[in-house]
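Asker: structure for the following, please:
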Amino acid sequence: MIDLNARVRQLTIQQRNRAIMRSRLTSGLQFLCHRPWMITLPLLLVVFIIFICCNLDNIPFPVSNSIPELLQLWKTVVALLAVTFDAFLLWGLLVVLGTPHKARNVDNSLEHIGLVDRYGIGPALVSSQKVTGRVVQMTFYSKGIGMEEWLQRKEDISDVLSCHFVEPIAYGENSNYIVLTVAPGVGNRRDTPLYDEL
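Answerer: Residues are numbered from 1 along each chain as shown. The predicted structure follows:
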């Protein structure tokens with residue numbers, strides 16, 4: 001029999017991964033559009049497809065050329081493989097460009113302090129944008145982790161990310177996203193002791 005909690009946890013992880021992928025693809029596309037010189041990478045992929053399609057006659061057919069239908073099928077398969085390969089390369093490029101720097105380290109740090117939902121899944125950094133100077137706006141996918149939890153762990157978050165808050169913690173595009181506006185370094189001196197006294 002399937003454990004219901006395990007199934008719900010698995011569905012939650014799948015939903016989280018889809019939301020992260022969507023956000024990173026969108027960020028990668030925005031990154032590409034805001035830097036015109038980066039358009040050369042997708043253009044090279046298009047040139048590759050055109051080159052393959054124009055030179056289908058030069059690609060060796062693994063079987064005898066005596067059957068023209070098989071030869072046409074071979075050319076179609078090669079063209080489809082080239083388009084699929086380019087689509088995956090473009091998808092991978094957008095994901096890499098849209099992934100914030102050290103996103104996994106930030107995610108692990110927040111999980112380390114116990115900022116997780118009821119299934120033990122922590123928030124995921126989906127966007128990190130410089131606002132002004134050294135101030136950075138970090139957006140997290142945080143479904144299942146309420147605003148109260150973020151506010152309770154504000155000092156711990158500041159410690160593990162080595163930053164201080166410039167603005168209060170806020171919701172993003174909806175309640176599944178949390179936005180932190182931070183700057184590096186310590187803002188105020190800590191009032192409570194870091195360790196219990198013996």
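
Asker: so where is the protein shaky, pLDDT-wise?
Answerer: Where the chain drops to pLDDT under 70, the residues are 1-2, 61-66, 186-198.

Asker: helices of the chain, start to end?
Answerer: Secondary structure of the chain (DSSP state H): helices at 4-34, 40-54, 68-98, 103-112, 147-152, 154-161.

Asker: would you list those helices in JSON lines and tack on distance to Ser175 and mean neighbour count?
Answerer: Where you see a C-beta, it was placed from the backbone N, CA and C, and this is true even at glycine. Below are the helices of the chain laid out as JSON lines (distance: least, C-beta to C-beta, whole Å; neighbours: other C-beta atoms under 10 Å):
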{"stretch": "helix 4-34", "distance to Ser175": "13", "mean neighbour count": "14"}
{"stretch": "helix 40-54", "distance to Ser175": "34", "mean neighbour count": "13"}
{"stretch": "helix 68-98", "distance to Ser175": "22", "mean neighbour count": "14"}
{"stretch": "helix 103-112", "distance to Ser175": "18", "mean neighbour count": "16"}
{"stretch": "helix 147-152", "distance to Ser175": "8", "mean neighbour count": "13"}
{"stretch": "helix 154-161", "distance to Ser175": "18", "mean neighbour count": "17"}
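
Asker: out of those helices, nearest to Ile178?
Answerer: helix 147-152 (5.7 Å; C-beta to C-beta).

Asker: other SSEs contacting that closest one?
Answerer: The helices and strands touching helix 147-152, judged by 3 or more C-beta pairs under 8 Å, 6 or more residues apart in numbering; DSSP states H and E, number zero.

Asker: can you give me how far it is from the chain middle?
Answerer: 23 Å (C-alpha atoms, centre = their mean, to the nearest Å).

Asker: closest to Asn176 out of the helices of the chain?
Answerer: helix 4-34 (7.1 Å).

Asker: quick one: that closest one to helix 40-54, angle?
Answerer: Interaxial angle of helix 4-34 relative to helix 40-54 (axes from the mean of the first three to the mean of the last three C-alpha atoms, to 10 degrees): 90 degrees.
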